[in-house]
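>>> Mind looking at a prediction? Sequence and model below.
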Amino acid sequence: FLFDGWTVMGLGCGSVIIALGALGAVAQLRATQADYHRVLSEQDDSRQKYESLVVNLPGSVYRCDWNADWTMLFMSQGIRGMVGYAPETFMAGGPMTFGSLIHPEDTKLVDDSVATSAQRNQPFSVEYRLRHKDGSYRWVFEKGCVIKDAAGKPLYLDGVILDITESKLAVVAMQRIQED
C-alpha cells in the first residue's frame, strides 16, 4: 500500500491520541479504585466503631419489620443475655419470633404502645416481660420509634431493649417489706 505523507502522519497522530486516551482512562480507573478502597476503609472503620459501641450496651439494639411477629432485621448480641437465644433466632426464617417471647399478659400493652407511637409520630417506651430460654421471665424496658416511608406507611421499628429485672424485683421486695 502506498500512503501519502498526510495519511502516515494522521495514522501516527491517531495512535498517539488513542494511547493518551488509554493512559487517561487507566489513570481515571486507578483514581476511582483508590476512592472505592478509601470508602470501604471508612465504612469498615465506622462499622467497627458501631459494633464496639453496641457490644458495650447493657441491652440490645434492633431494627425489625413492621409486622405482628416483630421479625428482626438486625439485633445486637445483648439479647442473648436477656432471653438466652442468639439474635439470629429472631431473624426472617429463624426458628422463632421475638413476639412469641412476650408474656401473654403484656402483648396488648406492647402492641398498643407501638400503635400509639405510630399514630402520634412519637417514640414509644414500654416495660414488659420476656420469656427466657430457661422458662423464667425477665422484665425489660424498651424504647424505640416507628420508621415510616415517604407516604407515612410504617416500615420498621428501631429501638433498644434493656433488662430491668433486678430493679423490678427490688421494687417488689420493697413493697412486700412495706406491707408487712
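Perfect, I can see it now. Numbers count the residues shown, from 1 in each chain.

>>> which ones are touching the spatially most central residue of the chain?
Against the mean C-alpha coordinate of the chain, by C-alpha atoms, centre = their mean, the closest residue is residue 74 at 4.4 Å. Counting by C-beta atoms under 8 Å, 6 or more residues apart in numbering, residue 74 makes contact with 61, 62, 63, 87. Using the backbone N, CA and C atoms, a C-beta is placed for each residue, glycine as well.

>>> which one of those has the most neighbours?
When neighbours are counted by other C-beta atoms under 10 Å, residue 62 leads those with 24 neighbours.

>>> That one contacts residue 156, doesn't it?
No. Using C-beta atoms under 8 Å, residue 62 is not in contact with residue 156; the gap is 9.6 Å.

>>> what's the helix or strand for the residue nearest to the centre of the chain?
strand 72-75 (DSSP states H and E).

>>> cool, residue 95 as well?
Residue 95 belongs to no helix or strand, assigned by DSSP H and E.

>>> And residue 167, by the same measure?
Secondary-structure assignment from DSSP H and E places residue 167 in helix 165-179.

>>> From the chain's centroid, how far away is that helix?
35 Å (C-alpha atoms, centre = their mean, to the nearest Å).

>>> What are the contacting residues of it?
Residues outside helix 165-179 that contact it (C-beta under 8 Å, 6+ apart) are 127, 138, 139, 140.

>>> buried sites along that helix?
Buried residues in helix 165-179, counted by 16 or more other C-beta atoms under 10 Å: 165, 168.

>>> before we move on, what about stretch 97-112?
Using 16+ other C-beta under 10 Å as the test for burial, stretch 97-112 gives 97, 98, 99, 101, 102, 106, 110.

>>> Okay, now the unreliable bits of the protein?
By pLDDT under 70, the low-scoring segments of the chain are 1-27, 29, 36-56.

>>> Tell me where it has helices.
5-55, 79-83, 107-120, 165-179 (DSSP state H).

>>> From residue 28, how far out is residue 34?
11 Å (C-beta to C-beta, to the nearest Å).

>>> Looking at the protein, which strand is longest?
Longest strand of the chain, by residue count under DSSP state E: strand 137-148.
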